[in-house]
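>>> Dropping the sequence and predicted coords here.
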Amino acid sequence: MMGRGPTDCCAVAAPPGTVRVVVSAPATRRPDGAELVVRADWVLTVDDRDTVLVDGAVVLAGDRIVDVGVAAEVLEERRGVPVEHLRGHALLPGLVNTHTHLAMTMFRGLADDRDLERFLATVVPVEARVLSAARVEAATRAGAVESVLAGVTTALDMYFFVDAGLRAAAEVGLRMLAGPVMFDGGPGDLAWDRLLGWAEEWLDRHPAGGGWRPVLGPHATYTVTPAQLAEVRDLARGHGALVHIHVAETAAECETVAARHGRRPVGILEQSGLLERGTVLAHAVHLHDAELAAIAAGGAGVAHCPASNLKLASGLARVPELVAAGVPVGLGTDGPASSNDLDLLAAARLAALVHKGIGAPGTGGDATRLPAAAVIRMATREGARVLGLEDQLGSIEAGKLADLVAVDLDRPHTQPVYDPASAIVYASGRGDVRHVWVGGRRVVDRGRTVSVDEARVTAELRGLQRDVVG
Ligand SMILES: [Zn+2]
């Protein structure tokens with residue numbers, strides 16, 4: 001079933017640091033149940049060489065990509081297969097949001113212009129008062145709609161009433177990874193033991209498969225103890241689950257944790273066996289050199305959330321250094337109450353800009369940091385690597401799941417297009433996302449969601465606002 005991808009033999013030389021553009025492709029292809037050919041002016045494969053096909057085509061069969069190549073050759077070999085020709089569009093892998101809380105759409109705008117501590121002091125009591133499964137389902141549905149309309153096909157979520165959230169995401173067609181959220185907030189060890197027991201039972205009912213894996217979400221090292229984290233690790237590893245945790249988001253958090261436990265957050269994770277592959281560190285803003293090296297040595301991934309970190313004045317993660325050290329770094333929006341949207345393309349642009357502009361104190365930054373192709377890679381393939389799903393997601397290659405996004409670049413604000421990665425990162429926006437497929441299923445068609453009524457979703461959010469202020 002594996003088709004052949006483009007090869008070196010027909011590459012056009014590109015200036016150093018830019019995309020390699022392929023104008024021809026190998027001719028050997030096989031019948032494989034192809035159902036649809038999607039043709040676009042550019043296909044950003046985000047393969048291991050960041051190959052961009054000019055006038056490319058992607059062949060879908062069931063939930064998979066079975067072939068990708070130059071359109072003329074693919075079409076010749078796929079006569080009779082329906083073709084969707086997206087003129088002026090770029091096709092790229094579905095975007096991967098590596099850290100969010102989708103249901104927090106219901107609190108968007110409730111607690112702006114304050115730091116994390118004051119943000120939580122406002123939001124947490126409201127959550128305790130208003131959350132219910134029905135409200136989380138409605139709010140997650142809205143977050144999932146906003147996500148797919150922005151080209152996000154996979155999201156790593158952390159929120160309460162996880163089954164309600166998963167139901168909502170499935171209805172929209174978003175590939176949402178989630179699982180039990182864990183706090184040491186209950187009355188004594190009994191509460192934690194019951195939580196752990198429920199988490200184990202939940203993991204038994206939600207095995208990994210089909211581009212999805214279960215998650216355990218111990219909230220942070222200041223809300224879960226080191227001993228509890230070690231238990232979480234053992235439970236997660238026994239079930240192929242990710243561990244998703246907030247880490248070193250603010251300087252105050254690092255000081256609090258160090259004062260309480262004698263180690264900073266990264267040190268606690270190291271002690272608990274949680275710096276290895278399979279752990280997603282949300283934020284990782286405040287890292288000492290030795291902590292950065294420990295993350296690189298351990299294999300954990302980092303979810304970089306530039307909008308949230310800037311808005312809450314948390315600081316700026318050492319992303320160029322993390323990437324240089326080999327740490328998988330994906331992009332995240334964080335929840336829509338702190339960032340305040342689920343726009344991963346905006347996060348990609350912000351990451352590309354802010355890490356160029358801000359260098360070591362007293363320096364003027366470095367305009368070569370995080371070029372457009374690199375942040376697209378962070379938003380797709382690296383995000384999949386952070387989630388341990390790089391074998392199935394994150395690039396347009398035969399054998400991978402058909403998670404695709406078509407961005408219209410034939411617009412006054414995006415033409416002319418010298419480099420589609422540049423146009424997408426520096427000039428386009430989520431309003432240019434026209435079509436989205438998740439696992440071969442069309443979830444956005446001409447800029448509208450396919451399976452849910454957006455007007456109803458918006459009306460539900462207005463209703464949730466009344467619940468919150470009431
Ligand atoms: Zn978060």
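Perfect, thanks for sending it. Computed from a prediction, not measured in an experiment: that's the story for all the values here.
>>> Quick one: residues contacting V375.
Residues near V375 by Cβ atoms under 8 Å, 6 or more residues apart in numbering: L331, A348, R349, A351, A352, V425. Just so you know, the C-beta spots here come from the backbone N, C-alpha and C atoms, and that holds for glycine as well.
>>> Please, which helix or strand holds the residue nearest the centre of the chain?
Nearest residue to the geometric centre of the chain (Cα atoms, centre = their mean): N97, 1.6 Å. Assigned by DSSP states H and E, N97 belongs to strand 95-100.
>>> Quick check: V433 vs G470, distance?
As judged by Cβ to Cβ, to the nearest Å, V433 and G470 stand 35 Å apart.
>>> Oh, that last question was meant for A258, not what I typed.
From A258 over to G470 the distance is 41 Å, taken as Cβ to Cβ.
>>> the more surrounded of the two?
Neighbours were counted for A258 and for G470 using other Cβ atoms under 10 Å; A258 has more, 15 against 7.
>>> mind listing what that one touches?
R264 are the contacts of A258 under Cβ under 8 Å, 6+ apart.
>>> now the helices: where do they sit in the stretch 51-200 of the chain?
71-77, 116-130, 133-149, 162-172, 189-205 (DSSP state H, counting those that start in this stretch).
>>> again, but for the stretch 251-400 of the chain
Shown for the stretch 251-400 of the chain, the helices assigned by DSSP H, counting those that start in this stretch span residues 251-261, 265-271, 289-298, 306-311, 319-324, 344-357, 372-379, 381-386.
>>> Touching the third one from outside, list them.
I take that to be helix 289-298. 248, 264, 266-267, 270, 275-277, 279, 281, 284, 287, 302, 318, 321-322, 325-327.
>>> Of these, grab the buried ones for ChimeraX.
Burial among the contacts of helix 289-298 is assessed by 16 or more other Cβ atoms under 10 Å; the matching ChimeraX selection reads:
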select :248,264,266,267,270,275,279,281,284,287,302,318,322,327
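>>> Now intersect the contacts of helix 289-298 with the strands, please.
Among the contacts of helix 289-298, the members falling in strands are T279, L281, V302 (criterion: DSSP state E).
>>> Tabulate these (TSV), appending distance to L196.
Formatted as TSV, the ones in strands among the contacts of helix 289-298 follow (distance: Cβ to Cβ, whole Å):
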residue	distance to L196
T279	18
L281	22
V302	26
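>>> Identify, from these, the entry nearest to D410.
When the ones in strands among the contacts of helix 289-298 are compared for distance to D410 (Cβ to Cβ), V302 wins out at 35.3 Å.
>>> pretty sure L316 contacts N309?
Yes: L316 is in contact with N309 according to Cβ atoms under 8 Å; the separation is 6.2 Å.
>>> If you count surrounding residues, which of the two has more?
Counted by other Cβ under 10 Å, L316 and N309 do not tie: N309 has more neighbours, with 24 against 15.
>>> Tell me the spacing between H101 and L44.
In terms of Cβ to Cβ, H101 sits 29 Å off from L44.
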